[in-house]
Each structure stands twice: as C-alpha cells, then as structure tokens.
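**Student:** Let me see the structure of the following:
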Amino acid sequence: MKKTILMVLMPIYAILFFSGCTANLTDPEIDFEPPAYVEQMPSREDKKDFASVGSIFGQGENPLFTDHKAMHVNDVVTVIISENAQSSSTGSKQLSEDDTMGLGGGLFSAGGTNSAVNSAVNKLNGLSNVGFTGSSSSAYAGQGSASRDASFTTTISARIVKVLENGNYFISGKREILVDDQKQIIQIGGVIRPYDIDQYNRIESSQISDAKILYKTEGDVDRATKQGWGTKIIQAVWPF
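**Tutor:** Here you go, the predicted model:
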C-alpha cells in the first residue's frame, strides 16, 4: 500500500519541483501599459480654436497656412528610434588563509618536594614526550569580465493616445512585418512633449519619457537561436 502511494506521489512531486525551477525561465517581456501617472492625470479638453474670419491661419479642412505637427488624440507622429547600449564591467577577488597549530607535553606531571622523584618524572617525560604540529592553507582567486555593445536604428509611426492635462502626449505605436515566414515586431510607447516634435512631425526616441521599445522576431531563425525548454530546466537545477 505504501509503495503504491509513493509511486503515485512521486510524479506529482517531480512536476511541482520542475515547475518551481522553471518559474523564472520565461523570456523577458515589456509591459506596454501606460505609467500610473498617465492613467491618473486627466485629459486636456480638446478645444476647437478656429481662427477669426479672414485669418490666413485656421483649423478648417483647407486652411491657407496650418501647423502640421501632431496635436490631438489619434494624430500620428513619426518616431526615429536610435538606441545604443554599451556596458563593460570587470571584477576580481583573491582570498588566502594560513593556520598553524602545535601541541606538546609529557605524560606525567611532577609534584611535591622530593627532588629525586621530580628528576625521575622529568626523565620519563623526556622519553615519552608527545608532540603534534599541524598547518593548513587555502587560497582562492577569481576574475571575470563582461562587455556588451548593441545598437538599433529604425523609424516607426505612433499615435497620440492621450493628451495629458499638462499638454504632454502619451503615444503608442506598433508595426509588424512578415517576410519569408519571418515576422518582425516593433513596438514603442511613452510620453513626449509637443515642442520636441520638429517641423516634419518627427521626434527622436531619446526625447521620449518612460520609453518602452520592443523589437523581436518570430519564425524559424528565432526558434533556432533559442534554447529548448529541456535545456533551460537542466540549467536551472544543475548545481555546478
């Protein structure tokens, strides 16, 4: 009976063990939900400020002069993504320890005032003297270094999702490209200032606050460059 229960519980224990080990084996992801302050800040009311009669500037369908910058919800702005990530780090550590221990003494102890007895005891201790010495030493030295250099440049159009009360815009954009069964996904989100948009309705990614930029590929190449789930599990539980 006990053997049967053990055979039933063993697979359950194994599943729980590996599920715990694989809890942190998922690929990193980006949450494109707006920051909390964007959700909490009220939207600016969209005012219809039409120019006075006879003005050469206006907000109508065919004004003589107009500002082509994105200004309202659902207006589109072009984002120039140019990101460079460079990092390097080195570390070294050295540890050493030396210990020495000595132990010695006779088997007999002399006492009293009888010089003859004391002399005899000292002679016996000289013949049966017990001595022990020991030493130990340990040393450890380790050194490591890491460096990374990556760059990513592209352009993407983003839509104004919300005009904040202070006049800033929360933008979000996504582009998907499918070529020869290889899918490329580019996504961006963040908060921009209207006066950072240039005359051509463009803005640099470095001028986006709380920027979230995603670039990933899906397809055969992506699957070939990823570790299998079995390899990830072995690496997670391997103790060495």
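**Student:** S82: neighbouring residues, count only.
**Tutor:** 13 (other CB atoms under 10 Å). (Glycine included, C-beta is placed from N, CA and C.)
**Student:** Could you do I203 as well?
**Tutor:** 24.
**Student:** for it, helix, strand, or coil?
**Tutor:** Following DSSP: H, G, I helix; E, B strand; the rest coil, we place I203 in the strand state.
**Student:** That one and G190 touch, don't they?
**Tutor:** No. Assessed by CB atoms under 8 Å, I203 is found out of contact with G190, at 9.9 Å.
**Student:** Helices along this protein, start to end?
**Tutor:** 2-21, 36-40, 115-127, 220-224, 229-237 (DSSP state H).
**Student:** what helices or strands is the lengthiest strand in the chain leaning on?
**Tutor:** In the chain, ranked by residue count with DSSP state E as the criterion, the top strand is strand 130-163. For strand 130-163, the elements it packs on are strand 76-105, strand 169-179, strand 182-192, strand 209-218, judged by 3 or more CB pairs under 8 Å, 6 or more residues apart in numbering; DSSP states H and E.
**Student:** Pipe those into CSV and attach mean pLDDT and distance to A150 per row.
**Tutor:** Below are these laid out as CSV (pLDDT from 0 to 100; distance: least, CB to CB, whole Å):
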stretch, mean pLDDT, distance to A150
strand 76-105, 77, 5
strand 169-179, 93, 20
strand 182-192, 93, 15
strand 209-218, 91, 11
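**Student:** S43 is nearest to which of these?
**Tutor:** Checking the helices and strands packed on strand 130-163 against S43 by CB to CB gives strand 169-179 as the closest, at 9.6 Å.
**Student:** what's the closest one in contact with?
**Tutor:** Identification of contacts with strand 169-179 by CB atoms under 8 Å, 6 or more residues apart in numbering yields 32, 34, 38, 70, 77, 79, 156-164, 183-194, 208.
**Student:** let's see it at 6 Å
**Tutor:** Contacts of strand 169-179 with the rest of the structure, by CB atoms under 6 Å, 6 or more residues apart in numbering, involve 34, 38, 156-158, 160-163, 184-189, 191-192.
**Student:** what bits of the protein have low per-residue confidence?
**Tutor:** 1-27, 46-68, 70, 101-134, 221-240 (pLDDT under 70).
**Student:** repeat that with 50
**Tutor:** For the chain, the stretches flagged by pLDDT under 50 are 22-23, 60-61, 107.
**Student:** now T90: how far from A146?
**Tutor:** 8 Å (CB to CB, to the nearest Å).
**Student:** oh sorry, the question was meant for S89
**Tutor:** Taking CB to CB, one finds S89 at 5 Å from A146.
**Student:** again with Q184
**Tutor:** Taken as CB to CB, the span from Q184 to A146 is 28 Å.
**Student:** Mind checking which of those two has more residues around it?
**Tutor:** Q184 (16 against 9).
**Student:** For V163, give me its contacts.
**Tutor:** S43, R44, V73, Y169.
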